[in-house]
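> please work out how this folds:
(chains A, B and C)
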Amino acid sequence: MVENPLWVALIVGAVLMFITLTGMAYMTWFERKVLARFQDRLGPTRTGPFGLMQPLADAVKLLGKEDLVPASADKWVFLLAPIIIFMTAIVGVSVIPFGGEISIFGFELNLFAADVNVGALVILALGSVGVYGIILGAFASANRFSLLGGLRAAAQVISYEMVLALSLVGVFMLAGSLSLREILVAQQDNLVFDVFGLSISLPNWFILSQPIAFVVYIIAAVAETNRAPFDLPEAESELVAGFHTEYSGFRFSLYFLGEYINMIVISLFAATLFLGGTDGPFAQDIWGLGVLYLLAKAVLFLFFYVWLRATLPRFRFDQLMGIAWKVLLPIALLNVLFTAFVRLISNGEITVPGWAWLIVAGVAIGALLLSLAGERTRSDHSRPAAQAGD
Amino acid sequence: MDWASLAFYLIATVCVLSAAGVVISPNPVHSAIFLILCFLNIAATFVLLGAEFLAVAQVIVYTGAILVLLLFVLMLVDTEKLPDFHTGQPVQRVVGLILGLILLLEIGAAIVARSIEGQPGSASRAEVEAVGGNTQALGRVLYDDNLLAFISVSLVLTVAVIGAIVLALPDRVRGTNKQRGTGTINLGHPVGADGTPLALPQVRGEAPIPPMAPGTLRPVGADRRIVMVSDPDTYNTVGQHEEPLPDLGDDDASRRSLAGRQGEGTR
Amino acid sequence: MMEVGLNHFLMLSAILFIIGLMGVLVRRNLIIIFMCVELMTNAVNLTLVAFAWSLNSIDGQAFALFIIAVAAAEAVIGLAIIIALSRRAHTIDVGDVRTLRD
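Residues are numbered from 1 along each chain as shown, chains lettered A, B, ... in the order given. Okay, here's the model as predicted:
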């Protein structure tokens, strides 16, 4: 565990927070531009060159709106809920490593705010506390539809949080640590393959060692941040606006921006865990290049998010929960099992004779065929038994 | 005074005040929020004590799962029937307070006069760092020394999940209902404005739909529902009856009750 | 202000335990009683971890982790019982639930 002195950590944290807030503001611009291009139109063009002043215009508009608190709402909880979701989202940036040790003006510091021993779990924990922003916001607006929408959103976030955590267990096993800096270091080794006499050297990015976990993580991340196609609880055409119906003006923007910051943090997290973070050609030599690589990878994920929103229709709530519990969770568990097995074999601690692999493959294929057959014969109009809000 | 002491005093103060808020607050949802604050501060105390994995586990499991479950239950339980905070006898509160203070003094005396020393273990800061950190050291202890306890706890959790699902099933779903098969939803025959059944257009190749005879049990309109009555001992369905749906009126009383104004006193 | 030692942590957990205990004795709402029981459990966790820190042992932390897991199981079942009770008895006042007694 590498430590910054306290005041250095505070300064680095403040700079990171400032950068994230700017990034979040321009994420709104990015989304509107990219969505527009997908839909064969231009997006914001009038506010500044290429519409770059659009976030400023949005901020001015939202700040100028009337701040309504419903009369029978619980006032303190109503004020508290968007703050919770915004704060927990932005604290997540503090554990992401933006680089190793650098020296500026002869002064040594590390390019992250905090390297805790359990860094990856901190981000998951912040996601867990962020659920309260949804529940308390839904409850505090004295509106039964908001309550139902909020409880559904909370149920969705909790289910996908678990899938998220399980999909990352494989990565933690391979890296041997929960600390994000050590995961970064573990990905900087090179895997060398000898193929037909040529030796190919690939970076040890975990997307290559854990492709299934990566796919599960991406789906769970999209669902966790309540983004399309999993945004049923807050979609404009359902339940008015879901759990933030009664919020207007700056409070609404806190929810909205909190969601964007959550997206940014999860993209940075994915870039660190699966794509090697600051790793790239010549990243060790030029000190700014690693940060640029990390930001580029995060922008790739953000583009993927917007792409999904532009392209896919929304899932129904029971389909959404069915995917989490019946499909993604078993896949993540099997991935953990498989990774553990492969790790033990490659460490030499157990040896498996060749015929055992045939049996395992047979059992796996049989189970897969059975489950597919089971899906077809089950009738499609079985009601979900006990939903939240029932 | 160094940062750790300052942090400890700050965290301890907030912790105690929020715990007091849990007990004193008349609104259960406010109590739950104070409890969240208390648990987050306890997690911060764990970090001060060098147990980082336990701190995040506390946040994820206790704050992020158990209290969310509690809030769900608070919001789904009918809030009109919540008891009044002040219906208990006032003497109960005074006696509780006195007992609490006496017990606190006793525990305080026991802490200060502590004379039994425990066996020091082998996990000082340097040794823990040598293994790789708090998580790695904890992992070794859990999986090497206490493996049986670990697996038993996972069994306990599985059984708890199954038990909770069975306990909390609504009465309609529980029990065998041999009359209801899979398939069609019977909405009943539509009636016209004067109450007589309408003649439905006949689909070519199918038999005309006859109007249902009155007295057959099926949902007759939008304002009724079928409730299955189940035997509380065996959970088998012993009958069914129709009852009118509760009126989600638009007046202030129902809006307040559904909005969760759980006053334990009068507001 | 003195240096923070083991006694400070033990006093903090004792205060939390007593507050939880008073909550269980005084309140009548089942769910709030449940919350106070969780508070007491956490106070015990704090004691365990404080001793683990002072005696350089990691067993205290492992035990506290088991307590967290089992408390989660207990919370799940307790809340399911409360839901089932509120459905049948239509109240969650502890004074009204006395069928076993009568």
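> A:Ala271 touches A:Lys297, doesn't it?
Yes: between A:Ala271 and A:Lys297 there is a contact under Cβ atoms under 8 Å: 3.7 Å. To be clear about C-beta, it is placed using only N, CA and C from the backbone, and glycine gets the same treatment.
> shared neighbours, those two?
With contacts defined as Cβ atoms under 8 Å, 6 or more residues apart in numbering or on different chains, the residues adjacent to both A:Ala271 and A:Lys297 are A:Gly277.
> what's near enough to touch the residue lying closest to A:Gly64 once chain neighbours are set aside?
Once flanking residues are discounted, A:Gly64 sits nearest to A:Gly249: 7.9 Å by Cβ to Cβ, 6 or more residues apart in numbering or on different chains. Shown in contact with A:Gly249 (Cβ under 8 Å, 6+ apart): A:62-68.
> phi, psi for A:Glu101 please.
With angles defined as degrees, to the nearest 10, A:Glu101 sits at phi -90, psi 130.
> number of residues surrounding it?
11 (other Cβ atoms under 10 Å in any protein chain shown).
> hmm, back to that, among the contacts of A:Gly249, which ones are buried?
Under a neighbour-count criterion of 16 or more other Cβ atoms under 10 Å in any protein chain shown, the subset of the contacts of A:Gly249 counted as buried comprises A:Leu62.
> mind putting the contacts of A:Gly249 into CSV with distance to C:Ile81?
As requested, those are exported to CSV (distance: Cβ to Cβ, whole Å):
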residue, distance to C:Ile81
A:Leu62, 45
A:Leu63, 48
A:Gly64, 51
A:Lys65, 46
A:Glu66, 46
A:Asp67, 42
A:Leu68, 40
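> now, the contacts of A:Gly249 that are in strands?
For the contacts of A:Gly249, not one is inside strands, with DSSP state E as the criterion.
> which of the contacts of A:Gly249 fall within helices?
Counting by DSSP state H, the members of these that fall within helices are A:62-64.
> what mean pLDDT does stretch A:258-278 get?
Per-residue pLDDT values across stretch A:258-278 average out to 90.
> how many neighbouring residues does B:Leu65 have?
Small correction: residue B:65 is Ala, not Leu. 19.
> quick one, strands of the chain?
No chain in the question, so chain A it is. Secondary structure of chain A by DSSP E: the strands cover A:101-104, A:107-110, A:190-195, A:198-203.
> wait, I meant chain B there
According to DSSP E, chain B carries its strands in the segments B:224-230, B:237-244.
> could you check the pLDDT of the closest residue to A:Leu320 other than its chain neighbours?
Excluding its sequence neighbours, the residue lying closest to A:Leu320 (Cβ to Cβ, 6+ apart) is A:Phe230, at 5.7 Å. Confidence at A:Phe230, expressed as pLDDT, is 84.
> any idea how far the closest residue to A:Ile350 other than its chain neighbours lies from A:Glu66?
Residue nearest to A:Ile350 in three dimensions, not counting chain neighbours: A:Leu344, with 5.0 Å by Cβ to Cβ, 6+ apart. In this structure, A:Leu344 and A:Glu66 are 62 Å apart, going by Cβ to Cβ, to the nearest Å.
> ok, now A:Gly280?
Relative to A:Glu66, A:Gly280 is positioned 48 Å away (criterion: Cβ to Cβ).
> now do the helix or strand containing C:Phe17: which elements does it pack against?
Using DSSP states H and E, the secondary-structure element containing C:Phe17 is helix C:6-26. Packing partners of helix C:6-26 (3 or more Cβ pairs under 8 Å, 6 or more residues apart in numbering or on different chains; DSSP states H and E): helix B:3-24, helix B:28-48, helix B:90-112, helix C:30-54.
> A:Lys75 - how many residues pack around it?
11.
> give me the phi and psi for the nearest residue to it once chain neighbours are set aside.
In space, and not counting its chain neighbours, A:Lys75 is closest to A:Val69: 6.1 Å by Cβ to Cβ, 6+ apart. A:Val69 has phi and psi values of phi -120, psi 120 when expressed as degrees, to the nearest 10.
> can you count the residues close to A:Val69?
Other residues within reach of A:Val69, judged by other Cβ under 10 Å, total 16.
> check the one 10 residues further on too.
Here the count is done by other Cβ under 10 Å, and A:Leu79 has 13 residues near it.
> again with B:Ile165
Residue neighbour count, defined by other Cβ under 10 Å, stands at 13 for B:Ile165.
> what sits against A:Ile135?
Under the criterion of Cβ under 8 Å, 6+ apart, the contact partners of A:Ile135 comprise A:150-151, A:154, B:68, B:71-72, B:75.
> do A:Thr272 as well
With contacts taken as Cβ under 8 Å, 6+ apart, A:Thr272 has the following neighbours: A:96-97, A:180, A:183-184, A:294.
> and it, how far from A:Leu180?
In this view, A:Thr272 and A:Leu180 are 6 Å apart by Cβ to Cβ.
> what sits in contact with each of these two?
With contacts defined as Cβ under 8 Å, 6+ apart, the residues adjacent to both A:Thr272 and A:Leu180 are A:96-97.
> quick check: the closest residue to chain A within chain B vs A:Ala324, distance?
Nearest to chain A in chain B, going by Cβ to the nearest Cβ, is B:Gly64, at a distance of 2.5 Å. B:Gly64 sits at a distance of 16 Å from A:Ala324 (criterion: Cβ to Cβ).
> residues of the stretch 1-150 of chain B that sit close to chain A?
Taking Cβ under 8 Å from any Cβ of the partner chain as the criterion, the stretch 1-150 of chain B approaches chain A at residues B:3, B:27, B:29-30, B:33, B:36, B:40, B:52-53, B:55-57, B:59-60, B:63-65, B:68, B:71-72, B:75-76, B:129, B:132-136.
> which residues of the chain score low on pLDDT?
Just so you know, I chose chain A. Filtered on pLDDT under 70, chain A yields the residue ranges A:1-2, A:103-109, A:194-195, A:197, A:235-244, A:283, A:285-286, A:375-390.
> ah, no, chain C please
For chain C, the ranges with pLDDT under 70 are C:1-2, C:90-102.
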